[in-house]
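Visitor: coords below, sequence missing:
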């Protein structure tokens with residue numbers, strides 16, 4: 001830590017931003033690294049494009065959390081998307097990222113974005129059935145409360161109801177190196193609710209605990225979704241409000257994200273062994 005740029009506390013959480021010689025600006029939310037300028041794109045791009053590149057012509061997207069704006073930046077690359085709702089409960093987060101991380105918060109400049117300063121769970125419960133093509137959850141720590149959220153049947157049922165047939169959920173999930181790796185339970189629970197595809201993927205994010213992060217990709221019953229084989233590739237000529245093409249995501253990385261180490265594969269899909 002070279003220099004503290006911002007330190008503040010809202011009614012919801014505490015946010016610290018500082019300069020680092022190795023990682024650029026770093027944001028710490030309630031004691032957890034939320035992102036660094038050096039590697040934020042790996043997480044943001046994968047959480048977004050693993051979902052949106054797996055279905056044809058996604059039109060309406062809901063982001064729960066993601067107040068930094070990076071996921072919005074990545075959604076903006078998809079020209080078929082006409083409407084983007086973001087639910088961020090803490091306006092302080094949005095304001096801080098706009099001030100100190102403009103290349104990430106650039107996502108808010110997309111005119112398709114509609115900001116709702118409200119609780120995401122309550123918002124999901126309020127929308128009509130079949131509203132969204134894609135819902136992205138980015139509001140929970142993958143090493144902690146996200147496991148609880150993905151075990152909450154009532155919440156998952158609300159998410160599934162808010163998605164159209166063949167709609168997709170993308171959420172961070174447990175790291176495969178976490179000693180209390182609970183993804184088998186998460187997958188089993190998601191399969192009870194989502195009657196389409198349910199897959200676990202992963203990627204590297206060096207500054208996250210263990211250096212990797214998992215993702216849960218789920219689809220509702222309807223047109224089949226094969227997350228392992230993207231059918232809606234990004235157009236390299238269309239970057240939305242992003243300043244340049246993706247730095248991490250490509251079709252090969254997409255497919256590779258579902259290639260699991262043997263010890264993980266045995267947990268995720270024991271029927272193969």
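Guide: Looks like it arrived, so ask away. Just so it is clear, the model here is predicted, and its values are computed rather than measured. Numbering: from 1, shown residues only.
Visitor: and stretch 53-66, how far from the chain's centre?
Guide: Averaged C-alpha coordinates place stretch 53-66 at 10 Å from its chain's average position (CA atoms, centre = their mean, to the nearest Å).
Visitor: and the strands in this structure?
Guide: Taking DSSP state E, the strands of the chain run over residues 3-9, 14-20, 24-29, 32-36, 60-65, 83-87, 113-116, 132-138, 163-173, 198-204, 212-219.
Visitor: let's have these in TSV, adding mean neighbour count, mean pLDDT and distance to residue 188.
Guide: Every residue, glycine included, has its C-beta placed from N, CA and C. Below are these laid out as TSV (neighbours: other CB atoms under 10 Å; pLDDT from 0 to 100; distance: least, CB to CB, whole Å):
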stretch	mean neighbour count	mean pLDDT	distance to residue 188
strand 3-9	12	96	38
strand 14-20	17	96	34
strand 24-29	19	95	29
strand 32-36	19	91	26
strand 60-65	24	98	23
strand 83-87	21	98	27
strand 113-116	15	99	32
strand 132-138	25	97	18
strand 163-173	24	97	13
strand 198-204	21	97	9
strand 212-219	24	96	12
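Visitor: got the ones you listed as TSV, with distance to residue 153 columns?
Guide: Listed next are the strands of the chain as TSV, based on distance: least, CB to CB, whole Å:
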stretch	distance to residue 153
strand 3-9	33
strand 14-20	31
strand 24-29	27
strand 32-36	26
strand 60-65	17
strand 83-87	21
strand 113-116	24
strand 132-138	15
strand 163-173	14
strand 198-204	14
strand 212-219	13
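Visitor: which among the ones you listed is found nearest to residue 46?
Guide: Proximity to residue 46 (CB to CB) singles out strand 198-204 among those, at 4.8 Å.
Visitor: and residue 54, which of the strands of the chain is closest to it?
Guide: Closest to residue 54 of the strands of the chain, according to CB to CB: strand 163-173, at 6.4 Å.
Visitor: now residue 173: closest residue in space that isn't a chain neighbour?
Guide: Closest residue to residue 173 apart from its sequence neighbours, by CB to CB, 6 or more residues apart in numbering: residue 214 at 3.7 Å.
Visitor: ok, residue 2 - how many residues close by?
Guide: For residue 2, the neighbour count with other CB atoms under 10 Å is 10.
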